[in-house]
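Asker: Any chance you can model this:
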Amino acid sequence: MEIIDKALEFEQRKHTFKTTSERIESSREVKSLILSINDIYKKEKDPELMDLMKRLTAIKQKIEKRLKGRP
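Answerer: Residues are numbered from 1 along each chain as shown. Below is the predicted model of the structure:
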């Protein structure tokens, strides 16, 4: 379960991004983690995986909100 370990490590990491490119890289990384966990979830139906995906999605939404900026 290397993917789950990577996801938990990403969740614990500080999310202070200095540049736009760091935000983009982080957004892409969390997206790939969510999709990988989703593939595992489809097979196992473990509710803990769903909770992990929800937490990662919340982080991803915050990153993307910061990327889009204010109108």
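
Asker: Now Lys43: phi and psi?
Answerer: When quoted as degrees, to the nearest 10, the phi and psi of Lys43 stand at phi -90, psi -40.

Asker: What's the local residue count around it?
Answerer: The local packing of Lys43 (other Cβ atoms under 10 Å) involves 8 other residues. Heads up, the C-betas are built off the backbone N, CA and C, glycines and all.

Asker: who's in contact with it?
Answerer: If you count contacts by Cβ atoms under 8 Å, 6 or more residues apart in numbering, Lys43 has none.

Asker: Kindly state the pLDDT recorded for it?
Answerer: Lys43 carries a pLDDT value of 94.

Asker: Check Glu25 too.
Answerer: 92.

Asker: so how many other residues sit close to Leu49?
Answerer: Neighbours of Leu49 under the rule other Cβ under 10 Å: 19.

Asker: Likewise for Lys18?
Answerer: The number of residues near Lys18, taken as other Cβ under 10 Å, comes to 7.

Asker: No more questions from me, cheers.
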